[in-house]
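> Here you go, sequence then predicted model.
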Amino acid sequence: MEVAEIFNKMANEYDDIHDLWYAWLFSRLHFIIAREVICRYNPQTVLDVGCGTGFQSFLHSAVGARVVGVDIAEDLIEIAKKKSSSFNLNKEKVLFPVYFDFVDKYNRLIFSLLRERNVGEKYIPPSFQVADARSLPFPNESFDHVNCAGSTLSFIDDHHLALSEIERVLRPSGTFLLEVESRWNIDLLWTVIDAVLRNRLGYGTSLREAMSAIFMPPTEYISVDYPFGNPENPINMKIKLFTVKGLKREFSEFRLKVLKKWTIHSITNLIPSTYLDMTNPPTWLRNLFSFLAKIEERIPISLPGCSIVFLAQKKGE
């Protein structure tokens with residue numbers, strides 16, 4: 001099944017994040033964008049590749065940036081367009097519904113950071129259009145900043161072509177924020193344990209597949225099946241898991257210099273991701289997650305995590 005078709009099927013529930021996994025991912029990611037991109041570089045023209053319904057598009061536009069969001073899923077783009085005319089971060093202070101305390105905390109932190117940039121006073125509605133990341137419909141060097149999050153690159157077979165296009169439309173000295181699925185994380189061990197326990201944790205990976213993912217060359221990317229949609233009738237789709245060294249090597253080919261790197265879901269992945277992806281998690285799971293999340297926030301080093309976030313800059317001529 002095509003990627004666009006799968007995400008179109010998810011369109012009506014896309015913004016309603018009831019699980020700990022994505023709520024934490026986007027809370028941390030949006031905080032990084034506000035602090036490290038908007039407050040430090042204040043890009044005036046932004047391209048959001050794989051924009052979905054526009055989470056990061058609206059974050060940038062709230063401080064006056066001119067934003068174009070593109071996605072291959074036309075139903076997500078239609079929702080983003082509908083949100084565009086009425087969105088007001090100054091009024092709502094949220095990018096997605098608040099079901100967990102940490103989401104409310106990060107909304108307040110983000111709003112505090114953006115207040116320095118007169119949030120809401122210069123809002124220009126983003127524009128949205130259907131487009132493929134491998135063939136971006138924009139002239140060379142059109143944007144000050146390119147955002148590519150929500151693991152967009154992990155769903156593209158020939159991601160190298162997408163990186164080439166992103167570099168092409170980015171101006172010299174422009175910045176690029178990328179978030180992708182990471183190969184090296186605790187979930188690798190959980191899949192082995194799950195195979196031994198005969199799928200009691202819900203990963204559904206054979207022992208041979210789980211072990212091969214661990215023992216493949218350490219910088220090599222791997223692809224795994226990931227279930228989307230209704231847990232009782234999930235749709236499996238291949239996603240690519242990247243490595244830090246592999247991506248840095250590719251960045252260097254495209255004149256992209258890594259400025260900073262973060263990981264998300266490192267300590268919190270001490271809980272299997274299949275549990276964190278549960279809709280409306282029970283109280284015990286919320287409490288355990290909250291404890292681990294506080295450790296992850298405060299740990300001073302970047303541990304292996306389920307998501308890698310890079311901030312890079314295009315080298316000048």
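Looks like it arrived, so ask away.
> for the record, mean pLDDT for stretch 197-205?
Average pLDDT, stretch 197-205: 87.
> What residues of it count as buried?
For stretch 197-205, the neighbour count (16 or more other C-beta atoms under 10 Å) marks 201-203, 205 as buried. Backbone N, C-alpha and C define where each C-beta goes, glycine included.
> Stretch 8-15 now?
For stretch 8-15, burial by neighbour count (16+ other C-beta under 10 Å) applies to 8-11, 14-15.
> what's the answer for stretch 148-167, then?
Neighbour-count burial for stretch 148-167 [16+ other C-beta under 10 Å]: 148-156, 159, 162-163, 165-167.
> Could you do stretch 172-181 as well?
Within stretch 172-181, the residues scored as buried using 16+ other C-beta under 10 Å are 174-181.
> Turn those residues into TSV, columns for distance to C51 and pLDDT.
Formatted as TSV, those follow (distance: C-beta to C-beta, whole Å; pLDDT from 0 to 100):
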residue	distance to C51	pLDDT
G174	18	97
T175	17	98
F176	15	98
L177	13	98
L178	14	98
E179	13	98
V180	16	97
E181	18	95
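> returning to what we had before: for the buried residues of stretch 148-167, which one is nearest E2?
Comparing the buried residues of stretch 148-167 against E2 with C-beta to C-beta places F155 closest, at 10.2 Å.
> give me every residue that touches the closest one.
3, 50, 237, 239-240 (C-beta atoms under 8 Å, 6 or more residues apart in numbering).
> With D71 instead?
7, 50-52, 77, 80, 128, 130-131.
> List every C-alpha atom in the host helix or strand of F58, with coordinates, as CSV.
Following DSSP states H and E, one finds F58 within helix 55-61. Taking C-alpha atoms only, helix 55-61 is exported to CSV below (Å, rounded to 0.1, in the frame of the first residue of the first chain):
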residue,chain,number,x,y,z
PHE,A,55,2.3,21.2,13.2
GLN,A,56,5.7,22.7,12.5
SER,A,57,4.3,24.9,9.7
PHE,A,58,2.1,26.8,12.2
LEU,A,59,4.9,27.0,14.7
HIS,A,60,7.1,28.9,12.3
SER,A,61,4.3,31.0,10.8
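> Show residues contacting it.
26, 29-30, 33-34, 38, 43, 46, 48, 51, 67, 69, 80, 83-84, 87, 89, 95-96, 110, 114, 123-126, 128, 145, 147, 149-150.
> Averaged pLDDT, it. What do you get?
For helix 55-61, the per-residue pLDDT averages 94.
> Stretch 259-275 too?
Across stretch 259-275, the per-residue pLDDT values average to 96.
> in that stretch, what's buried?
262-269, 271-275.
> which of these lies closest to I308?
T263 (5.9 Å).
> helix, strand or coil for that closest one?
Recorded secondary structure, T263: strand (DSSP: H, G, I helix; E, B strand; the rest coil).
> so after the helix or strand of the chain with the lowest mean pLDDT, what's the next helix or strand?
Within the chain, no helix or strand scores below helix 89-92, which has a mean of 61 by mean pLDDT, DSSP states H and E. Next along the chain after helix 89-92, taking DSSP H and E as the criterion, comes helix 101-115.
> Output the contacting helices and strands for that next one.
Packing partners of helix 101-115 (3 or more C-beta pairs under 8 Å, 6 or more residues apart in numbering; DSSP states H and E): helix 20-32, helix 283-298.
> same thing but 10 Å
helix 20-32, helix 55-61, helix 89-92, helix 283-298 (3 or more C-beta pairs under 10 Å, 6 or more residues apart in numbering; DSSP states H and E).
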